[in-house]
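In: Just need the structure, nothing else, for what follows:
(chains A and B)
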Amino acid sequence: MKRAVFSNPWLPILILTPQLAIIAVFFYWPAGFAIHSSFYLQDPFGFGSTFVGMTNYTDLATSSEYVRVAWFTLIYTALVTFFSLAIALLLAVKADNVLRGAKTYRTLLMWVYAVAPPVAGLMGLMLFDQGTGPITQLFAQFGWEFKLGVNYWDTATAMVIVAVWKQVPVNFIFFLSGLQSIPKSVREAALIDNRSASGRFWDVIFPLLAPTAFFLLIINITYALFDTFGVIDTLVQGEPGNNPMTLVYKVFVDGFRGNDLGGSSAQSVVLMLLVLLLTVFQFRLMERRIHYT
Amino acid sequence: MKSLKIATAAAALSIGFSGAAFAQTEITWWHAMGGQLGESLNQIAENFNASQDDFVVTPVFRGTYEETLTAGIAAFRAGEQPNIIQVFDAGAATVIAAQGAVVPVEQLMAEFGGGFDIEDYISGVRFFYADSDGTMIGMPFNSSTPVLYYNADALAEAGVEAPSTWEEFQDVTGPALREAGYIPLAQSHLPWIFTENFFSRHNLQFATNNNGYDGLDTEILVNHPAIKAHFEAVVSWQEDELFEWYGTGWGDNQQPFENGEVAMWLGSSASFGGLMQNVDFEFSATMLPYWETVTTEPTQTFIGGAALFAMSGKSDEENAATAAFFEFLASAQAQYDWHAATGYVPITSAAYDMAKADGHYDRFPAAEVAIDQLSLPAGEFTRGYRMGFYVQIRDVMNREYGRILTGESDVDSAFETIEEEANRLLARFAQTQG
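Out: Numbers count the residues shown, from 1 in each chain, chains lettered A, B, ... in the order given. Model (predicted):
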């Protein structure tokens, strides 16, 4: 195989400069600023500030509410990731088997992808409305008095359902293309060895889907952690009260609602570390064991 | 060629326009009034602009109160602040503590306007946005106070009058309304109505340092037996189907009253304008009930809503324009128009007298309740409160009250949590000013 090599070593750096500049200005600079702010307590208008060392961090660690939000975020991320992947995989396998009208079917399943998270949240707000929501009325049929915005776990349920609904199409697209790239010869060979469809799926198809599934796992974890902000904001109507929220939403609530810049910055730094860990996990631990074909 | 001609013509036109507008000083006004209130506010700005030729004020809607304050802070740090910003009650401490962020309205009016006399303002609005010496920092603009609205048809059906005390509600009004098939009571803002104004109505101290006005090392005194007894009562009302809670959202609690399911609703005096439009039954209002077991001499509530602050760092010309606008805003006619359209109370005695002389309260007796309530005898602790990071403190209250009302927490531990977390926030705020 022929390797392309730049004759001038400065050329690649020159070509990379715009990209590096963007990363520096829009990521490293604000990140550095957040780390700096996290060691201070400062007047929102910028008149006074006190260096407080690690106080913002120790305050977080000793805040029972922060710990509660962190636990919720963990459970929420696990549920959203699991259901988004599981439902999408099921739909993709079924869609893969469809021969007639396949295109229409697939398009319909992908459609939801185009809905913006706040719009999805607003739809959730209407569907789960305490008085008039159709889903609330459906639950009432089964004797479940669903109260969005009043009951902690009811609001959490609505958040998970809306977030999953919004994410399934993305996963569906990836799983479907993953399934369709599995060579026909492999499937036929498997058919001779094993007559059970589910057996063939778990022994042959699923391992071949593993690279896609792992990639989606990481994507879905970051989605549940960070991108569900719009869904949560609309479902709690900007004012969480006794309703659940995720760590990212708490950064917003404390920083942008409450103007506590130091505390909010410390929370941002904690999240940055979390992303760092996730990235290390992705590159170091898993990439070695998953074989992309 | 044709496009060039059009461009030339457009340029000539724009020069013509800017020439005409050259002498005018333009100022911006960031506010948080959406919907019907926003339209009334734009009308005020239009009236001001039409009333003279020297100044033009441009109102800009910036979202909720919290969003407006945050946008104003960000703009101030970038040196792009508006001339006037509307800041709500809970955000007042943030703005006032930041010495130099705003020009006190008294100073602004003395320097650039026709002077300032605090005696012109009705007593209930004088102190909330003032410093500890009583110097007014913010111009009270949309001043509201919590009142009890009631469905007159429902009360007639049940054969009761609106209650003046919580004992009366608990023993007479509530049960009668329940028998008549209504949910007797709902409310829309637990920290504002059942906490801050609960303390004021009963003249109880809400925080050390004179409710926080006299210093930053303030501690909240929310963990008080009277308010805990009140919340115990609210929980028992909820169990006895005398009270229903629909979550933290304001509108979620107002809706069932407008639908006629809930017979009485504690809201803002400024809800009046909206109710007039949305409700098809006869409704009226009465003062916020009090506990006779706590006090036999109930005191006034204080104003909620928001005030207008003149941001610093502006030229003398622009400050003069701001002062002229504030003067217009405080004029009796402007106040009366705003009061009549929205239900916010008039802030000057002159405007109140004008509304009375015009027969406004004969037509809408409910519109006067808030002013009467703000004009009740004052007490030592009825001027308001001044606490930093108060938006977060309110969030803590909302969270813990929600837990009480959904059975996740009991009253004692909820109030302990509020006290502890609020004091921690207050201590943090004191450090931001270091």
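In: where along the stretch 1-150 of chain B do the helices fall?
Out: B:2-21, B:35-51, B:65-77, B:92-97, B:105-112 (DSSP state H, counting those that start in this stretch).
In: Oh, that last question was meant for the stretch 1-150 of chain A, not what I typed.
Out: Per DSSP H, counting those that start in this stretch, the stretch 1-150 of chain A carries helices over the ranges A:10-23, A:29-37, A:55-62, A:64-97, A:102-110, A:117-127, A:134-141.
In: what would these look like in CSV with mean pLDDT?
Out: CSV is the format used below for the helices of the stretch 1-150 of chain A (pLDDT from 0 to 100):
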stretch, mean pLDDT
helix A:10-23, 91
helix A:29-37, 94
helix A:55-62, 94
helix A:64-97, 94
helix A:102-110, 79
helix A:117-127, 90
helix A:134-141, 92
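In: could those helices go into TSV alongside mean neighbour count and distance to residue B:337?
Out: To be clear about C-beta, it is placed using only N, CA and C from the backbone, and glycine gets the same treatment. Output for the helices of the stretch 1-150 of chain A, formatted as TSV (neighbours: other C-beta atoms under 10 Å in any protein chain shown; distance: least, C-beta to C-beta, whole Å):
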stretch	mean neighbour count	distance to residue B:337
helix A:10-23	10	51
helix A:29-37	14	45
helix A:55-62	16	47
helix A:64-97	17	45
helix A:102-110	13	54
helix A:117-127	18	35
helix A:134-141	14	42
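In: ok, back up a step: looking at the helices of the stretch 1-150 of chain B, which has the lowest confidence?
Out: Mean pLDDT values for these show the minimum at helix B:2-21, a mean of 47.
In: Where does the stretch 51-200 of chain A get nearest to chain B, which residue?
Out: Minimum separation of the stretch 51-200 of chain A from chain B (C-beta to the nearest C-beta) falls at residue A:149, amounting to 3.5 Å.
In: Kindly tell me how buried that residue is, as a neighbour count.
Out: Neighbour count for residue A:149, taken as other C-beta atoms under 10 Å in any protein chain shown: 26.
In: go on, residue B:316?
Out: Neighbour number of residue B:316 under other C-beta under 10 Å is 10.
In: what's the closest non-adjacent residue to it?
Out: The spatially closest residue to residue B:316, leaving aside those adjacent along the chain, is residue B:112, at 7.2 Å (C-beta to C-beta, 6 or more residues apart in numbering or on different chains).
In: so who does that neighbour touch?
Out: Shown in contact with residue B:112 (C-beta atoms under 8 Å, 6 or more residues apart in numbering or on different chains): B:316, B:319, B:320, B:322, B:323, B:324.
In: Which parts of the longest helix along chain B count as buried, going by neighbours?
Out: With secondary structure taken from DSSP state H, chain B has its longest helix at helix B:411-432. For helix B:411-432, a neighbour-count test (16 or more other C-beta atoms under 10 Å in any protein chain shown) marks B:411, B:414-415, B:417-419, B:421-432 as buried.
In: Farthest pair within the contacts of residue B:112?
Out: Farthest apart among those by C-beta to C-beta are B:316 and B:324. That separation is 12.5 Å.
In: and residue A:231, which of the three is it?
Out: Of the three states, residue A:231 takes helix under DSSP: H, G, I helix; E, B strand; the rest coil.
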